[in-house]
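Peer 1: build the 3D model from these lines:
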Amino acid sequence: MPIKLLFATGPSINTRLLVAVITSVALLITEQRGQQLDFLRATLSFFIEPLRHLVDLPTVLIEQTTESINSYVELKNENGRLRDEQLIHQTRLLKLEALEKENIRLRALLENSFKLGEQVLIAELLAINMAPYEHILVVNKGTRFGVHPQQPVLDANGVVGQVFRALPLSSEIMLITDPNHAIPVQVNRNGLLTIAVGSGQPNRLILPFLPSNADIHPGDLLITSGLGGTFPQGYPVAIVDEFTSQPNKAFASITATPTAKLDRNRELMIVWSNSAPVPLVAKPQAPETAVTEENAHQ
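Peer 2: Down below sits the predicted model:
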């Protein structure tokens, strides 16, 4: 039996190929001339379609995964970029808001400078020293701009203080709340004269030299009296906020709040009492003028 299987022969390869070709031609002719294979095709597609989707599934999953990862990376990058842009825009808005407020303050200073009638110089705040017994500001204008000691300093609301020390590029200003500062004032309602002294506390002045029967009430406006020659007459100084009589003492206890915003200013006005302009730089004399003056002396 094994010997018969070993030497058994079947159809040759050419024969098989010929049968396959004939079968294919027959199927094509049948397909062209009729619809006998439609049912068979439909039946086979019912089983083949899931296989095709199963074969394509890894490729589809890889493409979708890749697309999702790329979309996630792009969205993350865009989110970071938009967050940075938002931060930049918020910073710019804050800067614009600060510039708008600064513009409002400068306009108020300029409007008040025209109302004062004296020559003024706008100075910007550089530093603050608010120790318990010393209230000093430093501004960016000094002797180079004609600033000198004892000049009055104001803001848009009233008297701030006076120049304490003038340096070439900066000046120190003693606030009216400094305990070493005193300013002659008068009650705007009735002209009563007195002196307002710094209390050493922010936004508080004391009037230590008025008797208990003085004609002064809370709410009265105190203005500069012009006495002493440092502060011109008529500048707002403070508003009386408390009057307490002391029967056993010679003077009453009176406090007032400065009208100037001493703790909020960034720009201040340094005032000259005369109207002559202050030259920033000394101008050299012309040769003809120098010769004329020399001849005049001779």
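Peer 1: separation between Leu57 and Gln64?
Peer 2: Separation of Leu57 from Gln64 (CB to CB, to the nearest Å): 10 Å. C-betas here are computed from N, CA, C, even on glycine.
Peer 1: just the residues contacting the helix or strand where Ile254 lies, thanks.
Peer 2: Assignment of secondary structure by DSSP states H and E places Ile254 within strand 253-258. For strand 253-258, contacts defined as CB atoms under 8 Å, 6 or more residues apart in numbering pick out 158-159, 176-177, 196, 199, 203-208, 210, 216, 222, 237-246.
Peer 1: could you pull out the buried residues of stretch 248-258?
Peer 2: Within stretch 248-258, the residues scored as buried using 16 or more other CB atoms under 10 Å are 252, 254-256, 258.
Peer 1: wait, stretch 119-132
Peer 2: Buried, per 16+ other CB under 10 Å, within stretch 119-132: 119-121, 123.
Peer 1: all helices for the stretch 151-298 of the chain, in order.
Peer 2: For the stretch 151-298 of the chain, applying DSSP state H, counting those that start in this stretch gives helices covering 287-297.
Peer 1: could you list the low-pLDDT ranges of it?
Peer 2: Along the stretch 151-298 of the chain, segments meeting pLDDT under 70 span 273-298.
Peer 1: and if we set it to 80?
Peer 2: 247, 273-298 (pLDDT under 80).
Peer 1: give me the longest strand you can find in this structure.
Peer 2: The strand that spans the most residues within the chain, counting by DSSP state E, is strand 119-131.
Peer 1: direction included, what does that strand pair against?
Peer 2: When pairing is defined by DSSP bridges, strand 119-131 lines up against strand 134-139 (antiparallel), strand 267-272 (antiparallel).
Peer 1: check the offset of it from the chain's centre.
Peer 2: Strand 119-131 sits 20 Å away from the centroid of its parent chain (CA atoms, centre = their mean, to the nearest Å).
Peer 1: follow-up on the earlier one: closest to Val73 out of the buried residues of stretch 119-132?
Peer 2: Ala123 (54.5 Å; CB to CB).
Peer 1: ok, the closest one - contacts?
Peer 2: By CB under 8 Å, 6+ apart, the neighbours of Ala123 are 139-141, 147, 171, 267-270.
Peer 1: now which of those would you call buried?
Peer 2: 139, 141, 147, 171, 267-270.
Peer 1: what about the strand holding Ile254, distance to the chain center?
Peer 2: 35 Å.
Peer 1: and stretch 82-91, by the same measure?
Peer 2: The answer for stretch 82-91 is 14 Å, by CA atoms, centre = their mean.
Peer 1: tell me the mean pLDDT over that stretch?
Peer 2: Mean pLDDT, stretch 82-91: 74.
Peer 1: please shift the residue numbers so they start at 44 in all later answers.
Peer 2: Sounds good: first residue 44 from here, last item stretch 125-134.
Peer 1: list of residues touching that stretch?
Peer 2: Counting by CB under 8 Å, 6+ apart, no residue sits against stretch 125-134.
Peer 1: what's the helix or strand for Ile105?
Peer 2: Assigned by DSSP H and E, Ile105 falls in helix 81-159.
Peer 1: ditto for Ile65
Peer 2: Applying DSSP H and E as the criterion places Ile65 in helix 56-76.
Peer 1: and that helix, what does it pack onto?
Peer 2: In terms of contacts (3 or more CB pairs under 8 Å, 6 or more residues apart in numbering; DSSP states H and E), helix 56-76 is not packed against any helix or strand.
Peer 1: need the mean per-residue confidence for it.
Peer 2: In this model, helix 56-76 has an average pLDDT of 76.
Peer 1: show me the contacts for the closest residue to His224 other than its chain neighbours.
Peer 2: Once flanking residues are discounted, His224 sits nearest to Gly241: 4.4 Å by CB to CB, 6 or more residues apart in numbering. Shown in contact with Gly241 (CB under 8 Å, 6+ apart): 178, 218-225, 248-249.
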